[in-house]
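Novice: fold the following.
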Amino acid sequence: MSRNMRIRQIHRWLAVVFTVTVIVTFVALAQEEPVVWVSYVPLLPLALLLFTGLYLFALPYVTRWRAARRN
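Specialist: Numbers count the residues shown, from 1 in each chain. Here you go, the predicted model:
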């Protein structure tokens, strides 16, 4: 599997993990005595989603730029 496909797959699984952590955070904060630190749990998957998303966003532009540079 190529690196681009691997990063795309990681990005998809990170989206699932992020969604689950957000749901867990909503449930945890809805309790009578919420645990405030739980609200920070979704930040790690969100940061990883940011980096993989930026890579996937820039990928077509970099590929086009490299192809034009070769010609």
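Novice: could you look up the SS state of residue 33?
Specialist: coil (DSSP: H, G, I helix; E, B strand; the rest coil).
Novice: distance check, the most centrally placed residue in the chain against residue 34.
Specialist: The C-alpha lying nearest the average C-alpha coordinate of the chain belongs to residue 49 (CA atoms, centre = their mean; 1.5 Å). Going from residue 49 to residue 34 by CB to CB, to the nearest Å gives 25 Å. Where C-beta positions appear, they are placed from N, C-alpha and C, glycine not excepted.
Novice: what do you get for residue 12?
Specialist: Look at residue 12 and residue 34: by CB to CB, they are 30 Å apart.
Novice: can you give me the strands in the protein?
Specialist: Counting by DSSP state E, one finds no strands in the chain.
Novice: what about the helices in it?
Specialist: 3-29, 43-70 (DSSP state H).
Novice: avg pLDDT for the shortest one?
Specialist: The predicted model assigns helix 3-29 a mean pLDDT of 96.
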